[in-house]
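J.: can't give you the sequence, but here's the structure:
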C-alpha cells in the first residue's frame, strides 16, 4: 500500500534552487534514507514534506491527501516529525511525549492516550526517566523523548532528521531497531536523513541520493554501489559485508 507520494517538489532559498523536481514514493512498512553531502537539502526536503517550508511547486501526498493543503493539526495527525535539534523545557519526559497526542485530544486526556504514551515510554526504555524534567537530560535522552512524542501521534508517515546524531552506539542501534519494528508492525512508513552510510544501508529499505538539488539515484539499499557513492560524495569507497551487513569504507 502506497503511503507517501512526493511529486515534483521545488524549493529555493533567496532565489537559489535547492530542490528541483523531487519525486519518489514509499510504501507501508518501508524505511527510506535520504542521503547526500552537507548542504545538499536533506533537512530542507523533510521540512517541505511537513509543510514547515512551502515548496514553490509540487505535492506531498500522504495516504492520498495533499499535506501542502492541510492545516497544522491535520498534518500532525498524519506526520510525526523529529527534528535534528531538540529544545528542552521545564516539563517531564512523560508530559513531553503526551504532547504528541494533542492532535487526537478533543476535551480531555483519555485512558487511551495515557496507555499509548505509557507504551511508547516502555518501548524506548524510558521508564526511569519518565518523571524527569527534559531540561535535565542529555542530548541522547532528549532525542529519545522526541522520537516517543512522534510515535504517539500514530502517524502514517514518520520524518526523522538525523535521528541518531546525539546518541551513543548502543542507543543508535536501539532507536533504529525500534523505528524498524514500528514501521514493520504498523501502517506507517519512515523517512530518515542520515550521514552514516553503513547504518543507512543496514536499516533502510530504499535510498534517495541528493546531488546539486536533484535526485541522483532513487534505489533499493541493495542496489547502492561504490560508484554511486563516489558520484555523490566525490570520494572513492569500497562496500564490504560483515555478518550480512554492508560496511562502507573510504579508500
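T.: All right, it came through fine. Here the structure is a predicted model, which means the values were calculated and not measured. Numbering: from 1, shown residues only.
J.: Name the residues that touch the one helix or strand residue 73 maps to?
T.: Residue 73 belongs to helix 72-78 when assigned by DSSP states H and E. For helix 72-78, the surrounding residues in contact (CB atoms under 8 Å, 6 or more residues apart in numbering) are 50-51, 62-63, 65, 67, 70, 102-104, 153, 155-157. Any C-beta I mention is one placed from the backbone N, CA and C, and that applies to glycine too.
J.: one more time with 6 Å
T.: Helix 72-78 has contacts (CB atoms under 6 Å, 6 or more residues apart in numbering) with 51, 62, 67, 103, 155-156.
J.: And for stretch 55-67?
T.: Against stretch 55-67 from outside (CB under 6 Å, 6+ apart): 3-11, 48-49, 51, 68, 75, 78, 156-157.
J.: Filter these down to the buried ones, PyMOL style.
T.: Applying 16 or more other CB atoms under 10 Å to the contacts of stretch 55-67, the buried members can be selected in PyMOL as follows:
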select buried, resi 3+4+5+6+9+10+11+48+49+51+68+75+78+156+157
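J.: any low-confidence regions in the stretch 51-200 of the chain?
T.: 85-88 (pLDDT under 70).
J.: Which parts of it are helices?
T.: For the stretch 51-200 of the chain, the helices defined by DSSP state H, counting those that start in this stretch cover 72-78, 93-98, 111-123, 139-151, 169-185, 197-203.
J.: can you redo those helices as TSV with distance to residue 23?
T.: TSV is the format used below for the helices of the stretch 51-200 of the chain (distance: least, CB to CB, whole Å):
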stretch	distance to residue 23
helix 72-78	20
helix 93-98	34
helix 111-123	33
helix 139-151	25
helix 169-185	22
helix 197-203	20
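J.: how about those, which one is nearest residue 161?
T.: When the helices of the stretch 51-200 of the chain are ranked by distance to residue 161, counting by CB to CB, first place goes to helix 139-151 at 10.1 Å.
J.: Contacts for that closest one next, please.
T.: By CB under 6 Å, 6+ apart, helix 139-151 touches 80, 82, 86, 93, 96-97, 100, 120, 124, 134, 166-167, 171.
J.: Looking at those residues, which is nearest residue 200?
T.: Residue 200 lies nearest to residue 167 out of these, by CB to CB, at 15.0 Å.
J.: Report how many residues lie close to residue 34.
T.: 28 (other CB atoms under 10 Å).
J.: you'd agree it is up against residue 206?
T.: No: because the distance of 9.8 Å does not satisfy CB atoms under 6 Å, residue 34 is recorded as not touching residue 206.
J.: Show me what residue 159 is bridged to.
T.: Legend: beta-bridge partners of residue 159 under DSSP bridges are residue 81, residue 191.
J.: Strands along this protein, start to end?
T.: In the chain, strands defined by DSSP state E lie at 2-13, 16-27, 31-35, 57-62, 65-66, 79-82, 157-161, 189-193, 206-211, 214-220, 237-242, 245-250, listed in chain order.
J.: With distance to residue 183 added, can I get the ones you listed in a markdown table?
T.: Shown next, in a markdown table, are those (distance: least, CB to CB, whole Å):
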| stretch | distance to residue 183 |
| --- | --- |
| strand 2-13 | 10 |
| strand 16-27 | 10 |
| strand 31-35 | 6 |
| strand 57-62 | 15 |
| strand 65-66 | 20 |
| strand 79-82 | 12 |
| strand 157-161 | 7 |
| strand 189-193 | 5 |
| strand 206-211 | 12 |
| strand 214-220 | 15 |
| strand 237-242 | 23 |
| strand 245-250 | 18 |
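J.: for the residue of the chain most remote from its centre, phi and psi?
T.: For the chain, the largest distance from the centre (CA atoms, centre = their mean) belongs to residue 107, which lies 29.9 Å off. The phi/psi pair for residue 107 (degrees, to the nearest 10) reads phi -110, psi -40.
J.: and the closest residue in space to residue 230 that isn't next to it in sequence, how many neighbours?
T.: In this structure, residue 230 finds its nearest non-sequential neighbour in residue 236, 5.4 Å apart by CB to CB, 6 or more residues apart in numbering. Neighbour count of residue 236, defined by other CB under 10 Å: 12.
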